[in-house]
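Trainee: just the structure for this:
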Amino acid sequence: MSKNLPRALYQAEQVRELDRLVLKELGIDEFELMHRAGAVALTRLQERWQHARNLLIFAGTGNNGGDGYVIAALAAKLGLGVQIVFPANPEELSGAAARAWRMAAEGRVPMCSFKEFTSGEWKDFDLVVDALFGTGLNRAAEGDWLEAIEWINACGLPVLAVDIPSGLHADTGTPMGAAVRARLTVTFIGMKRGLLTHRGPDCTGEVIFEDLDAPSKIHSSGASTTAEVDRIDIHSSVGYLPPRKPSAHKGNHGHVLLFGGDHGMGGAIIMAAEAALRSGAGLVSVVTRSTHRPALLARRPEVMITGTEDGRVDLPALFDRASNIVVGPGLGLGDWSRNLLRAALGGHSTRGLPLVADADALRLLAQKALPETDFPDNGWILTPHPGEAAALLGIEVEEVQRDRFAAVAELQRRYGGHCLLKGAGSLIGVPGEPRRFKLCSEGNPGMASAGMGDVLSGIIAGLHAQGLSLEDSLSCAACVHGEAADLAVRDAGQRGLIATDLMPFIRQLVNPC
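Mentor: Have a look, this model is predicted:
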């Protein structure tokens, strides 16, 4: 769990530019900045593992390795046991990293090559410091480097990663072959966006950000250091939800119209409808199979229901009352499903009703089940998980996950609108130039269960119905959804979390005052 992280998330190249600007603004040399990084990493290490007395430090050949040599030298001065392991000859180091190595050597810190380490017998260590690779790595590790990463992961000791877990791509959160799995990552100067999405959280453990006393003005010094990704969390959503006026009535808070719930999938549309109500929509109507009416009324009698087998469905009347449309939860992929999707898209295109498309609606769009649909369209929200995103783009899921930012950008190029790519570090693509993304840092692995996406769709529509813009309703909903799940697991744990467990917390979170 990571808290109090910066809002701006950067690419690795931008962080390197921030490093350069910090040195210029502070008027210090590179070794002094490296010394600061090593010192603060050691402090965080001692705070987290107060009883650790013997440190095993893996140091690479770049500045990340230099940070490791500084940590070793400072730890030795404090009387801690230290052993440095290097996969490559440290005599080839240059610049600040070479100074750090000399600092450790002058402090008589024991050092050995990785081959010597694995062939010898060593005393017990309390933890490992990973300072092998920094943000400059752009290919899979090989040889001793790969074996070192694998040894770290297999040793069973807690791991502190310096700046970024070695082997993890700083921009995408994708491991390049093997990547270190740390319990704590201390990162510096600029927050790397790959730490918070895809497999990044698997590798980082807790993340602590340290600015090393860098002046705040460097983050707005020019276009090259302007972050295109903003981190959002539950604190970001508070401003979207002002208190209601004393004179408010249900008509002031919008009317959500949902389409979905084919045979055997009525629960999905029921959960989406309830989530819209719990997030504050004044009225909620559902168009679904008539057989779902008893279950829906038993669960949520506040919902108005139109059964598709009851006779002619008066779509114009439904659209006249609606503030927006949700289509997809439990929709299915058959003829009935296509007809409902066509009806929902008709209300969107002819009446200008904003639309949230999820689940099977996305599958049908990917299958080009309605070839008459025009793209791109900025008046809607798409909320795919990686599998649905892959179908929409005609690629494999692994390719979506390999670069989630690129996948969101391509979805927007093809389909328009606002796009939320679900998963660890859910990403929101915002229309317009320059390109912008938002990354939601709320949520937990317990959300990997049926119905979570249906609940999210309902929250988005419920918030939009109350007057939020598409961008704000999507951003706020992602944060409320993730935080509701975090609150739901607080006492009972992640395993066994189900979508309806979120409902009481959704209501709590949309009433922040």
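Trainee: those helices in the stretch 201-350 of the chain, which residues are they?
Mentor: 234-237, 266-278, 293-299, 315-321, 335-351 (DSSP state H, counting those that start in this stretch).
Trainee: the ones you listed into CSV, with extra columns for mean neighbour count?
Mentor: All C-beta atoms are positioned from the backbone trio N, CA, C, and that covers glycine. Shown next, in CSV, are the helices of the stretch 201-350 of the chain (neighbours: other C-beta atoms under 10 Å):
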stretch, mean neighbour count
helix 234-237, 19
helix 266-278, 28
helix 293-299, 15
helix 315-321, 14
helix 335-351, 18
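Trainee: what's the closest of these to Ala390?
Mentor: Nearest to Ala390, of all the helices of the stretch 201-350 of the chain, is helix 335-351, at 19.6 Å by C-beta to C-beta.
Trainee: may I see the buried residues of stretch 29-42?
Mentor: Glu30, Phe31, Leu33, Met34, His35, Arg36, Ala37, Gly38, Ala39, Val40, Ala41, Leu42 (16 or more other C-beta atoms under 10 Å).
Trainee: any idea which element the last one lies in?
Mentor: Counting by DSSP states H and E, the element that carries Leu42 is helix 30-48.
Trainee: what helices and strands are in contact with that helix?
Mentor: For helix 30-48, the packing partners by 3 or more C-beta pairs under 8 Å, 6 or more residues apart in numbering; DSSP states H and E come out as helix 12-26, helix 63-77, helix 95-106, strand 127-131, strand 159-162, strand 184-188, strand 206-210.
Trainee: quick check: mean pLDDT across the fifth one?
Mentor: Translated: strand 159-162. Per-residue pLDDT over strand 159-162 has a mean of 98.
Trainee: for that strand, packing partners?
Mentor: Contact here means 3+ C-beta pairs under 8 Å, 6+ apart; on that basis strand 159-162 packs against helix 30-48, helix 63-77, strand 127-131, strand 184-188.
Trainee: adjacent strands (with direction) for the helix or strand following the second one?
Mentor: If you walk from helix 63-77 toward the C-terminus, the next helix or strand you reach (DSSP H and E) is strand 81-86. Taking DSSP bridges as the criterion, strand 81-86 sits next to strand 54-59 (parallel), strand 111-113 (parallel) in its sheet.
Trainee: and strand 81-86, how far out from the chain middle?
Mentor: The chain centre lies 34 Å from the centre of strand 81-86; the measure is C-alpha atoms, centre = their mean, to the nearest Å.
Trainee: quick check: mean pLDDT across it?
Mentor: Confidence over strand 81-86 (mean pLDDT, whole number) is 97.
Trainee: same question, stretch 205-223
Mentor: For stretch 205-223, the per-residue pLDDT averages 86.
Trainee: go on, stretch 289-296?
Mentor: On average, stretch 289-296 scores 97.
Trainee: output it in PDB with nothing but the alpha carbons.
Mentor: Provided in PDB are the C-alpha atoms of stretch 289-296 (Å, rounded to 0.1, in the frame of the first residue of the first chain):
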ATOM      1  CA  ARG A 289     -35.800  -9.400 -19.900                       C
ATOM      2  CA  SER A 290     -39.200  -9.500 -18.300                       C
ATOM      3  CA  THR A 291     -38.300 -12.600 -16.300                       C
ATOM      4  CA  HIS A 292     -35.900 -10.400 -14.200                       C
ATOM      5  CA  ARG A 293     -38.600  -8.200 -12.900                       C
ATOM      6  CA  PRO A 294     -39.300 -10.200  -9.700                       C
ATOM      7  CA  ALA A 295     -35.600 -10.400  -8.800                       C
ATOM      8  CA  LEU A 296     -35.000  -6.700  -9.500                       C
END
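Trainee: where does the prediction get shaky in the stretch 1-150 of the chain?
Mentor: 1-3 (pLDDT under 70).
Trainee: same thing but 80
Mentor: Along the stretch 1-150 of the chain, the parts satisfying pLDDT under 80 run over 1-4, 122-123.
Trainee: thought Ile460 was touching Val356?
Mentor: Yes. Here Ile460 lies in contact with Val356, judged by C-beta atoms under 8 Å, at a distance of 5.2 Å.
Trainee: now for these two: what residues contact both?
Mentor: Val326, Ile381, Thr383 (C-beta atoms under 8 Å, 6 or more residues apart in numbering).
Trainee: if we can go back for a sec, other residues contacting the helix holding Leu42?
Mentor: With C-beta under 8 Å, 6+ apart as the test, helix 30-48 has contacts from 19, 22-23, 26, 52, 55, 63, 66-71, 73-75, 95-97, 99-100, 127, 129, 160, 162-163, 183-184, 186, 188, 208, 210, 212-213.
Trainee: give me the buried subset of those residues.
Mentor: For the contacts of helix 30-48, a neighbour count by 16+ other C-beta under 10 Å gives the buried set as 19, 22, 26, 52, 55, 63, 66-71, 73-75, 96-97, 99-100, 127, 129, 160, 162-163, 183-184, 186, 188, 208, 210, 212.
Trainee: quick one: contacts for the residue nearest to Arg299 when sequence neighbours are not counted?
Mentor: Once flanking residues are discounted, Arg299 sits nearest to Ile270: 5.5 Å by C-beta to C-beta, 6 or more residues apart in numbering. Counting by C-beta under 8 Å, 6+ apart, Ile270 touches Gly261, Val286, His292, Ala295, Leu296, Arg299, Arg300.
Trainee: dump those to TSV, plus distance to Gln11.
Mentor: Formatted as TSV, the contacts of Ile270 follow (distance: C-beta to C-beta, whole Å):
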residue	distance to Gln11
Gly261	42
Val286	43
His292	47
Ala295	48
Leu296	47
Arg299	46
Arg300	45
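Trainee: which of those sits closest to Asp454?
Mentor: Gly261 (9.9 Å).
Trainee: show me which of the shared contacts of Ile460 and Val356 is closest to His219.
Mentor: Ile381 (29.8 Å).
Trainee: buried residues of the helix or strand encompassing that closest one, list them for me.
Mentor: Element membership for Ile381, per DSSP H and E: strand 380-382. Buried residues in strand 380-382, counted by 16+ other C-beta under 10 Å: Trp380, Ile381, Leu382.
Trainee: I'd like the average pLDDT over the following helix or strand past that strand.
Mentor: Later in the chain than strand 380-382, the nearest helix or strand by DSSP H and E is helix 386-393. Averaged across helix 386-393, pLDDT comes to 98.
Trainee: contacting residues for Gly143?
Mentor: Per C-beta under 8 Å, 6+ apart, neighbours of Gly143: Pro87.
Trainee: go again using 6 Å as the cut-off
Mentor: With contact set as C-beta atoms under 6 Å, 6 or more residues apart in numbering, Gly143 has no partners.
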